[in-house]
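Asks: 3D, please:
(2 chains)
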Amino acid sequence: MKPLNKHKNTDQKALEEKLQKMHIEDLGLGMPEDYFSKSKSEILAKVGIEDKSKVLPLYRNKIFWAAAAAIAVLFVLTLFKTNTVPQIEEIPAIVSDTIEQLNKGLANEDFYQGENDILISSLFVEDTELDEFVDNYMLGEALFDKTEFD
Amino acid sequence: MKNEADFIKRLTNPRYRDKAFAELLDLYQQRLYWHIRKLVNTHENADDVLQNTFLRIYKSLPNFKQQSSLSTWMYRIAHNESLRFLENEKKKQHASLDDETNNYLNILTEDIYFEGTAVQLKLQRVLSELPEKQRIIFQMKYYDDLKFREMAAILDAKEGTLKSSYYNTVKHIEEKMLDVELFTKTKV
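Replies: Take a look at the predicted model:
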C-alpha cells in the first residue's frame, strides 16, 4: 500500500499502472483479462450506433408511414381487382355500351368489312371521279340489298 | 493535458471527432473505470456504468462549455452516472439505509472479480463502515489521485470541507488498520 500522502502523476502509462496496482493490491479489485481493450472496442461500436441513430427514426416520420400505408392499400386493391371477374351490372355504362357495340360489330363482321373496303378504296379515287364512285357504290349496294331481300 | 483547447476542438469537430474520441478513451477509460468501480463495487456494474458514461460524454461533447477542465467534467459525468445506477439498484432491491454497510460488503465479496486477501477485506470493511460521502472523498483522493480542487468541482463541495473530511478519514483508517503490517510499514 502506498503511503497516505500525495503521489505525483508521472505520465499516462505510469499513472495507469499505478492505479491498477493500487486497486488490485490494496482493494483486491480484479477484472477480466484484456478488459480495457475489449471495453474500448465496445464503447466505440456503441458510439457508432448512437451516431447513426441520430438519423430521424422511421417511426417518427409520419409522411413515410402515410406513404407506406397508401402503397400497401393500392397493392392490396390491385391484387383483388386482378383476381375478380366483374359482373356486367357492376361495369360502368360507358364501358358496357362499348362492349355491346364491339359484340354487335363482331356479329356483323361482313358489313363492317364491306364498309371498310369502300372507305379504303375511296382514298385512291380522284376528286373529280368521287361522285361517280359514290353513285356506283350506292347502286351496287341497292342491287346487293335487293338480291338479299329476294 | 497538453493543448486541451485544441483537443476539445477536435472532439467537437465532426471531421476529427471519432479519432479524437478514441484518444479520449485511451486517456480516461482506466481512470474513470476505477472511479466507477469503487462506487458501484462489482466489475459487471462498473462495465455497464463506464459504457453509459462514455456514451453520455460523446453525446454531451457539443454542449461542453469548458467551465471546468475536460477531466473534471468527465469525472463528474462518471460520478453522476454511478450515483444514478446505485439509486436505481436501491429502488430495485428496496434496500433500506440501515443495511448499507452489509450491502456494500456483500456486493463486493459476491463479485467474481473480487480477489481480496484478508488484509484487503479488512480495509474494505473499514471503508464500508464509513459514511458514504466520507468514503467517496477518501477514495477519490487516495485512489483516484484527484486534486481537492477537482474533487470540489466534481462533488459540488467546498475544498476546505473535503480536506478536513479526507484527513479525518486517513486518521480513522490508520487507527483501524494499525495491526496490519503492510499498512503500518507504509504509513506516513
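Asks: which one of the residues in chain A is closest to chain B?
Replies: Across chain A, the shortest distance to chain B (CB to the nearest CB) belongs to A:Gly28, at 2.8 Å. For every residue, glycine as well, the C-beta is placed using N, CA and C.
Asks: for residue 18, pull up the helix or strand it's in.
Replies: Just so you know, I chose chain A. Secondary-structure assignment from DSSP states H and E places A:Lys18 in helix A:12-27.
Asks: nope, chain B
Replies: Secondary-structure assignment from DSSP H and E places B:Asp18 in helix B:17-40.
Asks: could you list the low-pLDDT ranges of chain B?
Replies: Residue ranges of chain B with pLDDT under 70: B:1-2, B:94-102, B:179-188.
Asks: do you have the helices of it handy? List them.
Replies: Counting by DSSP state H, the segments of chain B that form helices are B:4-12, B:17-40, B:43-60, B:70-93, B:100-110, B:118-129, B:132-142, B:148-155, B:159-176, B:181-186.
Asks: one more: chain A?
Replies: Taking DSSP H as the criterion, chain A contains helices spanning A:12-27, A:35-52, A:62-83, A:93-107, A:109-123, A:130-149.
Asks: for chain B, which residue gets nearest to chain A?
Replies: When scored by CB to the nearest CB, chain B has B:Gly116 as its residue closest to chain A, at 2.8 Å.
Asks: so who does the closest residue in space to that residue that isn't next to it in sequence touch?
Replies: Among residues not flanking B:Gly116 along the chain, A:Gly28 sits closest, at 2.8 Å (CB to CB, 6 or more residues apart in numbering or on different chains). For A:Gly28, the set of contacting residues under the criterion of CB atoms under 8 Å, 6 or more residues apart in numbering or on different chains consists of B:Phe114, B:Glu115, B:Gly116, B:Thr117, B:Gln120, B:Leu121, B:Gln124.
Asks: next, format the helices of chain B as CSV and append mean neighbour count.
Replies: Compiled in CSV, those are given as follows (neighbours: other CB atoms under 10 Å in any protein chain shown):
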stretch, mean neighbour count
helix B:4-12, 15
helix B:17-40, 20
helix B:43-60, 20
helix B:70-93, 17
helix B:100-110, 16
helix B:118-129, 17
helix B:132-142, 20
helix B:148-155, 19
helix B:159-176, 15
helix B:181-186, 13
